[in-house]
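Okay, predicted coordinates and the sequence, questions at the end:
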Amino acid sequence: MTTTVDEAVDATTDETAEEVIKPSDASLSFETKKFVLQALLDKASSVLPSRDVMQVLKNFQVEVAPGILRVVATDLELSVLAVTEMVNVTKAGTAVFPGKRLIELVREADDSDIIFDVVDGQASIRVGRTSWNLMLQDGSEYPPLADTDDAVLHEIDRGKFLGALQSVRYAAATDTVRPSLMLIDVSNGKMRAADGTRYQQVDVGNFPMDLQIPIGAVDDLIKLLRSTDQNTLQVGETESALVFAIGADLFIAQKLNALFPDVDELLLKPALGNDQELHVDRDEFMAAIKRVRVTADTETSAIILALSAGKMTVKSRDKFGNWASETLDVFWDSPDREVAVNHSYMMDMLTMTDAKSCRFFLGADSKTRKSPVLLKDDEAASLGVLNQMRVEFLS
């Protein structure tokens, strides 16, 4: 049976696709090191779409010019441009390469020079004694990157910004019913996130601009910030996009239309008046939660913190009667009480501090409202708030 060029391109790009894929007529030629190309692909791969989108978006766009190799990936909401000068270009040009296949090809290749020759849309790729031949898709419909020429970029400390993102990221809402909370807000010298049940904040000092980072962009941005040894990055915005320049690389995220609500008034303010202080060893507390949560109810993820003079018992129980408990030595000199919290949310909040001893603050419960739990780390200038749960069968 004879296979047409269109069928070969379709099979190379996405074996499940039913649409007919137009073959490429691109031509280019370059040589680089495997580790160089693999680093570019690793940076860009996080925004390769996994859902059904335009077929061409499942490709990397590769552009070479004298002394420059650029790799682009986008899902239309997020885009990454990864750049290197560690390349020898014989013929400049642009082509799109099937994303998953190119990643696998480069990952499995020997650690050596990797040579690309693309002629009339057919790519010959050689590493050592191994050769691959790929039929490429036409890339003329690959969307251009957002124009960032008008963005005013401000230089900030990479490590401090990365640490702040990692401190608050888990508190942001991820369900689409609350789009105004599906972001990390940076304003008034604070970075904060909230999902209606919890709130986390860290001081970022004299930050040069206000911005709201979509939660869908945060993990990819963190990955890029971790992958570099640059001391600084530049951040800016256009009318429709946020721009992060990390060395020669760009990360672009489409802005959200939703406005971040006044979560300080709704979640933080009620907790700031708490005056019952609890000190607990962070590592011991986290270890106890990990052990006790094994029998936590799968629907509520609830645990009880039973507090008495100098002691805290971490307890869990599900609706079938399975239970666990572990008692820790703590500082607590207020009246005996029990506090119910979501164990996953508590673990997330504990990750925002490196303090050996965590300082929590509780307030008195009323008949209609339970006191939120406040965690403060003055040295890191961070704090978290977690609302209590009402789980009757735990008591």
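All right, it came through fine. Numbering: from 1, shown residues only.

This protein - how does it break down into domains?
Using automatic domain parsing, the domain parsing of the chain gives 21-135, 154-254, 273-394.

Endpoint to endpoint, stretch 85-100 covers what distance?
Distance across stretch 85-100, first residue to last, is 24 Å (CA to CA, to the nearest Å).

for it, the distance to its chain's centre please.
28 Å (CA atoms, centre = their mean, to the nearest Å).

Please apply the same query to stretch 325-338.
Distance, centroid of stretch 325-338 to centroid of chain: 35 Å (CA atoms, centre = their mean).

coming back round to it: would you reformat the domains of the chain as JSON lines and include mean neighbour count and mean pLDDT?
C-beta coordinates here come from the backbone N, C-alpha and C atoms, glycine included. Formatted as JSON lines, those follow (neighbours: other CB atoms under 10 Å; pLDDT from 0 to 100):
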{"stretch": "domain 21-135", "mean neighbour count": "18", "mean pLDDT": "94"}
{"stretch": "domain 154-254", "mean neighbour count": "18", "mean pLDDT": "94"}
{"stretch": "domain 273-394", "mean neighbour count": "17", "mean pLDDT": "94"}
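
and Ser29, what does it touch?
Residues near Ser29 by CB atoms under 8 Å, 6 or more residues apart in numbering: 64, 89-91, 93, 116-118.

where's it relative to Thr130, distance?
Distance, Ser29 to Thr130, by CB to CB, to the nearest Å: 18 Å.

and what of Lys255?
Taking CB to CB, one finds Lys255 at 44 Å from Thr130.

what does Phe30 give?
Taking CB to CB, one finds Phe30 at 18 Å from Thr130.

picking up where we left off before, let's see which of the contacts of Ser29 end up in strands.
64, 89-91, 93, 116-118 (DSSP state E).

and of those, the nearest to Asn387?
Distances from Asn387 to the ones in strands among the contacts of Ser29, taken as CB to CB, are shortest for Val64 (53.5 Å).

List the contacts of Pro66.
89, 92.

Please repeat the previous calculation with a cut-off of 10 Å.
87-90, 92 (CB atoms under 10 Å, 6 or more residues apart in numbering).

Please apply the same query to Ile222.
46, 161-162, 165-166, 169.

Report the secondary structure state of the residue positioned nearest the centre of the chain.
Central residue of the chain (CA atoms, centre = their mean): Asp219, 0.9 Å from the mean position. Secondary structure, DSSP: H, G, I helix; E, B strand; the rest coil: Asp219 is helix.

Also Ile303?
strand.

Would you mind confirming that it is in contact with Met389?
Yes - counting by CB atoms under 10 Å, Met389 is a contact partner of Ile303 at 9.2 Å.

what is in contact with the two at once?
In contact with both Ile303 and Met389: 339-342, using CB under 10 Å, 6+ apart.

and of the residues you listed, the nearest to Leu328?
For the shared contacts of Ile303 and Met389, the closest approach to Leu328 (CB to CB) belongs to Val339, at 13.7 Å.

gap between the closest one and Arg129?
64 Å.

again, but for Leu153
Counting by CB to CB, the gap from Leu153 to Arg129 is 45 Å.

repeat for Arg101
Taken as CB to CB, the span from Arg101 to Arg129 is 20 Å.

got it, and Ile303?
57 Å.

my read is Ala39 is in a helix, agree?
Yes - assessed by three-state DSSP, Ala39 belongs to a helix.

list the contacts for it?
33, 71, 82, 84, 86, 227-228.

Please identify which of the residues you listed is nearest to Phe244.
Thr228 (11.2 Å).

re the thing from before, which member of the shared contacts of Ile303 and Met389 is positioned nearest Lys22?
Out of the shared contacts of Ile303 and Met389, the member with the shortest distance to Lys22 (by CB to CB) is Asn342, at 50.5 Å.

wait, that closest one sits on Ala171?
No - assessed by CB under 10 Å, Asn342 is found out of contact with Ala171, at 11.9 Å.

what touches both of those two?
197-198, 348-349, 386.

Can you lay out the residues you listed as CSV showing distance to Glu326?
CSV is the format used below for the shared contacts of Asn342 and Ala171 (distance: CB to CB, whole Å):
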residue, distance to Glu326
Thr197, 24
Arg198, 23
Asp348, 20
Met349, 19
Leu386, 20
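
just checking, which of these belong to strands?
Using DSSP E, the shared contacts of Asn342 and Ala171 in strands are 198, 386.
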